[in-house]
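Q: here is a sequence with its predicted model. Questions after.
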Amino acid sequence: MRKLLPLLLILVLGTAHSQRVVLMTHDSFDVSRAVLDAFTAETGIVVELIKAGDAGEALNRAALTSARPLADVLFGVDEGLLARARSLEIFEPYASSLRSLLIADLPEVADALVTPVTRGFVAFNFDRAYFEAHNLPYPTSLADLRDPRYGSLTVITDPATSSPGLSLLLGTIGAFGEEAAFDWWAGIRDAGVAVRSGWSAAYYGDFSRYGGDRPIVLSYASSPAAEVIFSETPIDPASPPTLSWHCDACVVAQVEFAGILRGTPRRAEAEQLIDFLLSEAFQADVPESMFVYPVRQGIVLPPEYETFGPTPPASAWMPLPTNLSGAQINTWIARWTEVVMRGR
Amino acid sequence: MRNPWLAHAVGAIATLALLLGIVAPLAALAVRTLEANAWQTLLAVDTWRVVVRSGLQALASTALALLLGLPAAWALAQPQLPLRRLWRALFVLPFVLPSLVAATAVLAWLGPRGLLGIDLRDSWLIIIVAHAFYNVGVVARIVGSHLQAAAPRLLEAAAALGTSPWRRFWRVTLPSARPALVAAAALVFLFCFTSFGVILMLAPAPTFATLEVEVYRRVGRTFDLSGASALALLQLTLVLLIAQPYLRAQARTSSGLERSSAVPRGAPAGAALAAVAPAAALVLAPVGALLALALSPPAGATLAGAWRALVTPSRFVGVSDLPSAIANSLQFGVLGTLLAMALGVSLALAIRRGGWRWLDTLALLPWAVSAITIGLGLLLLAPGLASSRWGIPIAHGLLATPLVVRIGVAALASVPEHTREAAATLGATPWRALWRLDLPLSRSAWLGAVAFAFAASLGEFGAALLLRRPETTTLPVAIAERLTRPGAGPYAEALLLSVILALLVATSVLLIERLGGSRRGASDPF
């Protein structure tokens, strides 16, 4: 016991002295162990991760516990959720000095309430082998999906239950206007598009690359690069298994933000954590850990991205509707459900 | 028990635990979120459409489960049935598989590249077939145990009187099995009515939604927590009403059973095998399809590569390797089982020995409530616990408690009244009677309960309930982690993990059979 005592003391004091910060995030959050450990080694701050469901559930849970916050920082709020987060008043503004190093075309955030950390692109992917085997030309615009020849080969996800689905819905409304957008949705419904509840069900269930019967799937611009990274056998750059579709106005940028949760007792550590999320090390890590793109200038993408998953050109982006609000999004989802799922 | 103070005491503690773990979170969420619009949700035509549609769906699912399960039940009661233990184990497997794995298996069978070559997704048929897959074993085991136990003497008498086999079946076997049949049907209906994961994965269109799926939509996307709470309370009320015939029927099946030492003359082995075949095929087809899918990884992945990736620690925080996931699953399984046993034995004692009949309904609560709303409520009441490592075994333990209670109530009923009276007359204290009499006499049933609770914990996803940490990843969660990444590697790993999990669960289930023996299905939780 006498030998153990100093050890115990060190343990107790050690834990008391080490600083920590709690990051609440969605289930898809990831980071290289080495990158996270380097942050701890440099700052002495241990990062605890809490995964709280998908992005919507994570926001819900942060809001429900706002009186006694479980975490200091919440990551994973996208533009669609930002309006809700704002009205829930769960964040404290923080203007990181690193914001000046961010790329130019990110959405404006009033009062620096949250900080952009990653950017993904929701995009359709093609199964190259299917198009070649069937001698089928690729579609050239979203309007082509109203043609049953393509519509019946397409699988998307439900905006009511999936984040890429909601992004596409908001993107079409932003790009075409509400009425024209719902015309398009009715058109692809009639053309035989399939709808799944989530990304995995569509990608691993319907996509012809994984044995389904549909060679056009709603996924991300980075998915073809991920296919190459996760392949055991090297892939010839001339014939990647899948392609991301970057036609004019057919990609939706999905910026994810991090914010400091209101009332945190560890404000200083939380600020350091946000700065870490903008650091070169973390930003260079996100393409391979979360399959999204960095928001900091001058970050070199991994070689697989340069060849198979480049950033979609600005001409391919659909603008999101202005003045997004939670109530407005609910109305659109309800209308979408009526039009696409109930065929009214 | 003349002086059942022990039953009252432990019953009170366990009841308190149930109230704290299940009722309090739901109440906390309701108090926090219910607004005036809750009434609109409850009175909305769409809400009742969901109720009616899920009701019809559950009826159809129950009918199919009975159609295939009853012949299997009859076969399980035939002494000449070959490989009986194997069939009984097989029928428990789907019930304890996580819905993610079960749905993947059903998809491998009836999905886009299913073995049958037809894609049944987004149809009532696939939901009904999947539910029958889950529940055919519940029917076979509940009704089978009862047929085996209750019919022999009557059948012998009927046979001696020269009644034809067909007439014996209609006039003796079926009527004697009626309470078991009602119990099985009510329980299967309850599970199908509250189905969640299977529906979301196989048929996500709003047409097919159950109340639980509606709760999920409101919580995750439209942020209508008030409506979600209202729907959760509606579901709770409806399920507790539906459970009443089940509990009444089960009370009749587990009391006053006669035992025959004579081995009855059963049907020939061939007939028994033929009767068990359809149900066995329904269970084996998806499991076999899953195995076939996992053994033929897509281009760019190999089984050996997937295995290597699973056993090597990942360089990413968010991807767990197999050894740590198994270690977590086993640890949470053991702790969860300890809690479930403590609660379950206490509740069963209070119900059987303390005469707390109403507790029968309360003990079903973990199966009746909406997991999503409990999770949110828990977050309100005990945020520290809900996000800690200890929250997981507690949740698993609570969810497995109804299993143990069902086994325990039946097991305690099987201890003869006069034996206990004799013990009391000889001066045995209640503790002593419990340790030296009640538990040893129904030992195999309790061991079976342990294995059942453990298997259920291994398969428990619990994602809806709790917050996760990378260091608490269990096997089902490790599967889900991989299914969020695009690529042949993660996909092959997820399938391989599903097979490993199914094997682990199957092993525990076979253990149930070994420990529980083949006596009157003493280890059946239903």
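A: On my side now, so go ahead.
Q: check which helix or strand covers whichever residue of the stretch 101-250 of chain B sits closest to chain A.
A: For the stretch 101-250 of chain B, the residue closest to chain A is residue B:204, as judged by C-beta to the nearest C-beta, at 3.2 Å. Heads up, the C-betas are built off the backbone N, CA and C, glycines and all. Using DSSP states H and E, residue B:204 maps to neither a helix nor a strand.
Q: one more: residue B:378?
A: Using DSSP H and E, residue B:378 sits in helix B:371-381.
Q: list the buried residues of that helix.
A: Neighbour-count burial for helix B:371-381 flags B:371-380 (criterion: 16 or more other C-beta atoms under 10 Å in any protein chain shown).
Q: output the below-cut-off pLDDT ranges for the stretch 151-300 of chain B.
A: Applying pLDDT under 70 to the stretch 151-300 of chain B flags residues B:151-153, B:165, B:252-266.
Q: so who does the residue in chain A that chain B sits nearest to touch?
A: The nearest approach of chain A to chain B comes at residue A:230, 2.8 Å away (C-beta to the nearest C-beta). Going by C-beta atoms under 8 Å, 6 or more residues apart in numbering or on different chains, residue A:230 touches B:300-301, B:485-490.
Q: relative to residue B:308, how far out is it?
A: Distance check for residue A:230 against residue B:308: by C-beta to C-beta, to the nearest Å, it reads 13 Å.
Q: now do the SS call for residue A:323.
A: Look at residue A:323: counting by DSSP: H, G, I helix; E, B strand; the rest coil, its state is coil.
Q: near chain A too, which of the buried residues of helix B:371-381?
A: Counting by C-beta under 8 Å from any C-beta of the partner chain, B:376, B:379-380 from the buried residues of helix B:371-381 sit close to chain A.
Q: pLDDT for those residues - can I get that in CSV?
A: Formatted as CSV, these follow (pLDDT from 0 to 100):
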residue, pLDDT
B:376, 84
B:379, 84
B:380, 86
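Q: neighbours around residue A:300, how many?
A: When neighbours are defined as other C-beta atoms under 10 Å in any protein chain shown, residue A:300 has 10 of them.
Q: ok, it touching residue A:284?
A: Yes - if you go by C-beta atoms under 8 Å, residue A:300 and residue A:284 touch, sitting 7.2 Å apart.
Q: doesn't residue A:74 belong to a strand?
A: Yes - secondary structure of residue A:74 (three-state DSSP): part of a strand.
Q: quick one: it and residue A:90 touch, right?
A: Yes - assessed by C-beta under 8 Å, residue A:74 is found in contact with residue A:90 at 7.3 Å.
Q: residues shared between the contacts of those two?
A: A:59, A:62, A:259, A:261.
Q: which of the residues you listed fall within strands?
A: If you go by DSSP state E, those have A:259, A:261 in strands.
Q: now neighbour count, distance to chain B and pLDDT too, for the shared contacts of residue A:74 and residue A:90, in CSV please.
A: Below are those laid out as CSV (neighbours: other C-beta atoms under 10 Å in any protein chain shown; distance: C-beta to the nearest C-beta, whole Å; pLDDT from 0 to 100):
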residue, neighbour count, distance to chain B, pLDDT
A:59, 26, 8, 90
A:62, 28, 10, 91
A:259, 26, 17, 97
A:261, 22, 12, 97
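Q: and stretch B:498-513, which residues are buried?
A: Those would be B:498-502, B:504-506, B:508-513, for stretch B:498-513 by 16+ other C-beta under 10 Å.
Q: now swap in stretch A:148-164 and tell me
A: A:150-164.
Q: can I get the CA coordinates of that stretch in CSV?
A: Only the C-alpha atoms of stretch A:148-164 are listed here, as CSV (Å, rounded to 0.1, in the frame of the first residue of the first chain):
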residue,chain,number,x,y,z
PRO,A,148,-37.4,7.5,-67.6
ARG,A,149,-34.2,6.2,-69.3
TYR,A,150,-32.2,7.9,-66.5
GLY,A,151,-34.8,8.4,-63.8
SER,A,152,-35.4,4.7,-63.5
LEU,A,153,-31.7,4.2,-63.0
THR,A,154,-31.4,6.7,-60.2
VAL,A,155,-31.6,6.3,-56.4
ILE,A,156,-31.8,9.2,-54.0
THR,A,157,-32.4,9.6,-50.2
ASP,A,158,-35.3,11.0,-48.3
PRO,A,159,-34.8,14.6,-47.1
ALA,A,160,-36.9,13.8,-44.1
THR,A,161,-34.4,11.3,-42.8
SER,A,162,-31.1,11.9,-44.6
SER,A,163,-28.7,14.8,-44.9
PRO,A,164,-27.7,14.4,-48.6
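Q: contacting residues around residue 228?
A: As the question left the chain open, I've gone with chain A. Counted by C-beta under 8 Å, 6+ apart, residue A:228 has contacts A:235, A:240-241, A:304, A:307-308.
Q: ah, no, chain B please
A: With C-beta under 8 Å, 6+ apart, residue B:228 has these contacts: B:33, B:214-215, B:218-219, B:372-373.
Q: same deal with residue B:171?
A: B:158, B:163.
Q: and the residue nearest the centre of chain A?
A: The centroid of chain A falls nearest to residue A:120 when counting by C-alpha atoms, centre = their mean (5.2 Å).
Q: surely that residue touches residue A:291?
A: Yes - contact criterion C-beta under 8 Å: residue A:120 and residue A:291 qualify, at 7.5 Å.
Q: residues near the residue of chain B at minimum distance from chain A, how many?
A: Across chain B, the shortest distance to chain A (C-beta to the nearest C-beta) belongs to residue B:487, at 2.8 Å. Residues lying near residue B:487 (other C-beta under 10 Å) number 25.
Q: kindly state the pLDDT recorded for it?
A: Here, the pLDDT recorded for residue B:487 equals 89.
Q: what do you get for the one 5 residues further on?
A: Among the per-residue scores, residue B:492 shows a pLDDT of 93.
Q: try the one 10 residues further on
A: As predicted, residue B:502 sits at a pLDDT of 88.
Q: and it, what is it in contact with?
A: Contacts here follow C-beta under 8 Å, 6+ apart; on that basis residue B:502 touches B:93, B:97, B:101, B:105, B:287, B:290.
Q: pretty sure the fourth one belongs to a strand, no?
A: No - under three-state DSSP, residue B:105 sits outside any strand and is assigned helix.
Q: so how far is residue B:202 from it?
A: Where residue B:202 is concerned, residue B:105 sits at a distance of 11 Å (C-beta to C-beta).
Q: so which bits of stretch A:166-180 are buried?
A: Residues A:166-176 are the ones in stretch A:166-180 that count as buried (16+ other C-beta under 10 Å).
Q: strands of the stretch 151-300 of chain A, residue ranges please.
A: In the stretch 151-300 of chain A, the segments counted as strands under DSSP state E, counting those that start in this stretch are A:154-157, A:194-196, A:216-220, A:242-244, A:252-261, A:293-294.
Q: thinking again about what came up before, let me know the closest of the shared contacts of residue A:74 and residue A:90 to residue A:109.
A: Residue A:109 lies nearest to residue A:259 out of those, by C-beta to C-beta, at 9.3 Å.
Q: give me every residue that touches that closest one.
A: Here residue A:259 is in contact with A:73-74, A:77, A:85, A:90-92, A:94, A:113-115 (C-beta under 8 Å, 6+ apart).
Q: could you rerun that using 6 Å?
A: A:74, A:91, A:114 (C-beta atoms under 6 Å, 6 or more residues apart in numbering or on different chains).
Q: give me the number of residues near residue 330?
A: This is for chain A. 16.
Q: nope, chain B please
A: 16.
Q: a helix runs through it, doesn't it?
A: Yes - Residue B:330: assigned to a helix according to three-state DSSP.
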